[in-house]
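**Q** got a predicted model here, sequence first, then my questions.
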Amino acid sequence: MAAQSTPEQPFQVRFISQSIREWIARLGSAWVEGELTSYDVRGGHAYAKLRDLDEDASISLTVWRSVRERIGGEFKKGDRVVINAKPDFWVKGGTLSFQVYDMRHAGVGNLLEQLERLRRKLAEEGLFDPALKKPLPFLPQRIGLITGRESDAEKDVRRNAELRWPAVRFRTIHTRVQGDSTVPEVTAAILELDADPEVDVIIIARGGGDFLHLLPFSDESLVRAAAAARTPIVSAIGHEADRPLLDEVADLRASTPTDAAKRVVPDVAEQLDIVEQARARLRGRITERIRVESQYFESLRSRPVIADPVWMVDQRGEELMRLAARGVELVDRRVQHSLDAVISLRQRLNSLSPLGTLQRGYAIVERTGPAPEERTVVTETDQVAAGDRLSIRVTDGRIEAAVE
């Protein structure tokens, strides 16, 4: 502050506030770790208090909506966080707050945040799509088991599976289930069992543990190997409350290793009971069908056509005789009608034929010549002369004569 103030010439409050703001604005941003004592969201913006982990000092935070949408994640009171913020002095209110540009969970919270980001990434790629889940075989020929050596998880899976189906067979690959070697060993075991044609289903089993112990089963490379496997995979990691990312891509998520054995292997006693129930239902249906068909057969036997087959022959015989008599009658009537028609036509023909005239005593006189084509009909006397040859046609022949 270059100028000096005096009681006669004091500074104005706005001048002091503006000077503080300009001085603070020259400060850069810094990473700060602490615990959120409050975190309120209003209008898309977040307003929070950050307290020092060991001391009682605290600062006010402002997280604008655009920053909240960019950093993502869920924050609440009591979270341990690391923020990247820059101080800002509000002239009108005379308050100091920090504008947050980035915020992350610290410690386990940071791992949870990274895990959540990976979960969203894989979900967006469709690896968690229920349509990709492969059905488990009803009775696997051989079960592939990936678990720790001499672990309780292995004992639980084998014991419960063998109790349900004594003939069940396993191919077990022992791997690390905790620590840095877990991811490469489990991934290699998945690839090996997936390539075995005798293995019909793969169980990945591990007992319970804290978040950090189960973290390898959320590794991206292991999860992608499980998603790419052609053999159905059952995830039995931890207990009911545990939820590693392997559970999301597995074809079946079992709450415990014991649950995995029960879900993969059918109970022989239950199956025998189902078979017996099916047999009983089948016998009942067959018996009922035989009863219904027997009743139907008896109803057929009671019908007149079956009880007295001659009755149908007699009934049809009488009908046939009536039809035959009717046929004869129709044929006779048709023949008589045709005969009458022929007689009528003959009479008409005779009335029009020259033969009819001859039969009444008339004759046809023709003058003949040397050639047949010179024959002419004589209708008048002056058509002939003495010595001409004549042919006279009567009903039964011709009379040859000469003109004198």
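**A** Received the coordinates, thanks.
**Q** and the host helix or strand of residue 59, what does it pack onto?
**A** In this structure, residue 59 sits in strand 58-63 according to DSSP states H and E. If you count contacts as 3 or more Cβ pairs under 8 Å, 6 or more residues apart in numbering; DSSP states H and E, strand 58-63 packs onto strand 30-42, strand 45-51, strand 80-90, strand 95-105. The way it works is simple: take the backbone N, C-alpha and C, and place the C-beta from them, glycine included.
**Q** for those, give me JSON lines that also has mean pLDDT.
**A** Shown next, in JSON lines, are the helices and strands packed on strand 58-63 (pLDDT from 0 to 100):
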{"stretch": "strand 30-42", "mean pLDDT": "88"}
{"stretch": "strand 45-51", "mean pLDDT": "91"}
{"stretch": "strand 80-90", "mean pLDDT": "86"}
{"stretch": "strand 95-105", "mean pLDDT": "85"}
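**Q** helix or strand right after the strand holding residue 59?
**A** Heading C-terminal from strand 58-63 (DSSP H and E), you reach helix 65-71.
**Q** what does that following helix contact?
**A** 41, 43-46, 100-104 (Cβ atoms under 8 Å, 6 or more residues apart in numbering).
**Q** buried residues, that helix. List them.
**A** Residues of helix 65-71 classed as buried: 67-68, 71 (neighbour count, 16 or more other Cβ atoms under 10 Å).
**Q** show me the strands in this protein, by range?
**A** Counting by DSSP state E, the chain has strands at residues 30-42, 45-51, 58-63, 80-90, 95-105, 143-147, 170-174, 201-206, 233-237, 252-253, 364-367, 376-377, 389-394, 397-402.
**Q** then the third one to PDB, C-alphas only?
**A** Written as PDB, here are the backbone C-alpha positions of strand 58-63 (Å, rounded to 0.1, in the frame of the first residue of the first chain):
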ATOM      1  CA  SER A  58     -10.000 -24.700   8.300                       C
ATOM      2  CA  ILE A  59     -10.700 -22.900   5.000                       C
ATOM      3  CA  SER A  60     -13.800 -22.300   2.900                       C
ATOM      4  CA  LEU A  61     -14.000 -23.900  -0.500                       C
ATOM      5  CA  THR A  62     -16.100 -23.100  -3.600                       C
ATOM      6  CA  VAL A  63     -16.500 -25.700  -6.400                       C
END
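**Q** residue ranges with poor pLDDT in the stretch 151-300 of the chain?
**A** Scanning the stretch 151-300 of the chain for pLDDT under 70 picks out the ranges 210, 239-242.
**Q** show me what contacts residue 62?
**A** 45-47, 88, 97-100.
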